[in-house]
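K.L.:
Turn this into a structure:
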Amino acid sequence: MIPINAPQIGEEEISAVVKVLKSGILTQGLGAGPMVTEFENSFSKFVKAKHAVAVNTGTAALHLAVAGTGIKPGDEVILPSFTFVSTAEVVVIAGAKPVFVDIDPETYNISPGMIERAVTKKTKAIMPVDLYGLPADMQPIREIAEKHGLTIIEDAAQAHGAAYKGKPPGAFADTACWSFYASKNMTTGEGGMITTNDDKIAETLRFMRSHGEKEKYKSLMLGHNYHMPEIQAAIGCVQLKKLPKFLAKRSENANKLTEKLRKTKCLQLPKEPKEYKHSWYLYTVRMKDASEKERDRIVEELRRKEIDAQVYYRYPVHLMPYYSKFGKYGLPETEKVAKQVFSLPVHPGVTAQQIDFIGETVSRLLG
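P.N.:
Next comes the predicted model:
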């Protein structure tokens, strides 16, 4: 089976982990051990942010960003429904209400026009998602936020190495949240990071990461235990150095697959619009005018042929049973796209021969 994603782990990561184990420092008070600090410094430079705060998961990053920017019960946060559930989950954990809006059917990212229509007196933040590795259209989102006095929390969990108007994710946001889950463009196994250029937000996030403590055993505010272990950070330091090569291979594979599929008329291929740089976390195609049943049949055929095609995200969050209590939403583009898209492997472990096989197989099935 050609997996949809696969962590690219080598001897360097193994050696880094062993070094941490031999050091005896597996974690440290306030969540800032030597490897965590090194990882934060390196990552902040990579994404050109003033601050980076490492945590134990991508979901923890989102939750800290929501809590640390002052989202509270009774507030509303505007976000897409076409995303992984954690984007909405952390809003609810903070006691706020998720307000779902529709997407651009070409990019699958949140529609700025739909954001503007959803703003109310209770709106406190916007959470755009850089879905599949393509940044959201952040400049108009920034303009909406400034017009209404809103915070922007960018979910960049899938966008390591992406860019928008020449700038990394987070440049147009108050905070950006990253995931280092095993499938991501770089991994620490689990793990997350929050980046920001705001000194006050960064200080608050560091307190909240470690039980609200500014110093050991002295809590200034409500917090959590979201420490990133030293082993995770050590892996992250190595992976970050390898990330440019990973990204180059993903881009190469994506471009080759696009060439293979260009003549398949029933497919909408992923786009990299002008002034955008895709990270190619996922190569997602759309079967135009197809039913969900037809899409699922093709996915099953591909899997029978040892190609690990996957559907992200089959169930938009606003249609999930738990989230229905936050209101009924008519999101036609979201609901249609969810029934027609599927993703194909382009990660760095996929060879040129396998890309040829994937492209030829998809073309035959849909020809």
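K.L.:
which parts of the helix or strand of the chain with the lowest mean pLDDT are buried?
P.N.:
The weakest-scoring helix or strand in the chain, judged by mean pLDDT, DSSP states H and E, is strand 213-215 (a mean of 89). Applying a neighbour-count criterion of 16 or more other C-beta atoms under 10 Å, one finds E213 buried in strand 213-215. C-beta: built from backbone N, CA, C; applies to glycine.
K.L.:
which is the next helix or strand following that strand?
P.N.:
Moving toward the C-terminus from strand 213-215, the next helix or strand (DSSP states H and E) is strand 218-219.
K.L.:
The longest helix seen in the chain - contacts with which helices or strands?
P.N.:
When the chain is parsed with DSSP state H, its longest helix is helix 230-261. For helix 230-261, the packing partners by 3 or more C-beta pairs under 8 Å, 6 or more residues apart in numbering; DSSP states H and E come out as helix 11-23, helix 34-46, strand 283-287, helix 352-366.
K.L.:
Could you say which of those is packed most deeply?
P.N.:
Using mean count of other C-beta atoms under 10 Å, the stretch among these with the largest mean neighbour count is strand 283-287, at a mean of 23.
K.L.:
is it possible to export the helices and strands packed on helix 230-261 to CSV including mean pLDDT and distance to D174?
P.N.:
Listed next are those as CSV, based on pLDDT from 0 to 100; distance: least, C-beta to C-beta, whole Å:
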stretch, mean pLDDT, distance to D174
helix 11-23, 98, 32
helix 34-46, 98, 15
strand 283-287, 98, 28
helix 352-366, 97, 39
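K.L.:
Minimum distance to V341: which of these has it?
P.N.:
strand 283-287 (4.8 Å; C-beta to C-beta).
K.L.:
Adjacent strands (with direction) for that closest one?
P.N.:
strand 267-268 (antiparallel), strand 341-344 (antiparallel) (DSSP bridges).
K.L.:
After the first one, which helix or strand is next?
P.N.:
Note on strand 267-268: by DSSP H and E, the next helix or strand toward the C-terminus is strand 276-277.
K.L.:
so what secondary structure elements neighbour that next one?
P.N.:
strand 163-164.
K.L.:
tell me the phi and psi of I110?
P.N.:
Dihedral pair for I110: phi -50, psi 140, per degrees, to the nearest 10.
K.L.:
Pull the contacting residues for it.
P.N.:
Residues near I110 by C-beta atoms under 8 Å, 6 or more residues apart in numbering: 79-80, 101, 103-104, 128-129, 136, 141.
K.L.:
now it, nearest residue through space, not along the chain?
P.N.:
Nearest residue to I110 in three dimensions, chain neighbours excluded: P80, at 4.3 Å (C-beta to C-beta, 6 or more residues apart in numbering).
K.L.:
Backbone dihedrals for C266, both of them.
P.N.:
Torsion angles, degrees, to the nearest 10, at C266: phi -80, psi 0.
K.L.:
S44 versus that one, what's the distance?
P.N.:
C266 sits 44 Å away from S44, going by C-beta to C-beta, to the nearest Å.
K.L.:
what's the answer for K271, then?
P.N.:
30 Å.
K.L.:
What of P3?
P.N.:
31 Å.
K.L.:
before we move on, what about K242?
P.N.:
18 Å.
K.L.:
Ok, E301 next?
P.N.:
E301 is 45 Å from S44, by C-beta to C-beta.
K.L.:
so can I have a markdown table of the helices and strands packed on helix 230-261 showing distance to E146?
P.N.:
Output for the helices and strands packed on helix 230-261, formatted as a markdown table (distance: least, C-beta to C-beta, whole Å):
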| stretch | distance to E146 |
| --- | --- |
| helix 11-23 | 42 |
| helix 34-46 | 24 |
| strand 283-287 | 31 |
| helix 352-366 | 43 |
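K.L.:
Mind checking the ones you listed for the one nearest to G212?
P.N.:
Nearest of the helices and strands packed on helix 230-261 (C-beta to C-beta): helix 34-46, 18.3 Å.
K.L.:
Touching that closest one from outside, list them.
P.N.:
20, 25, 28, 32, 50-54, 168, 178, 193, 195, 227-228, 230-231, 233-234, 236-237, 240, 243.
K.L.:
all helices of the stretch 51-200 of the chain, in order?
P.N.:
58-68, 86-93, 112-118, 138-148, 199-209 (DSSP state H, counting those that start in this stretch).
K.L.:
one step back: kindly supply the PyMOL command isolating those of the contacts of helix 34-46 that are buried.
P.N.:
Entered in PyMOL, the line below selects the buried ones among those, by 16+ other C-beta under 10 Å:
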select buried, resi 20+28+32+51+52+53+54+168+178+193+195+227+228+230+231+233+234+236+237+240+243
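K.L.:
Read off the pLDDT value for T258.
P.N.:
At T258, the pLDDT value in this model is 98.
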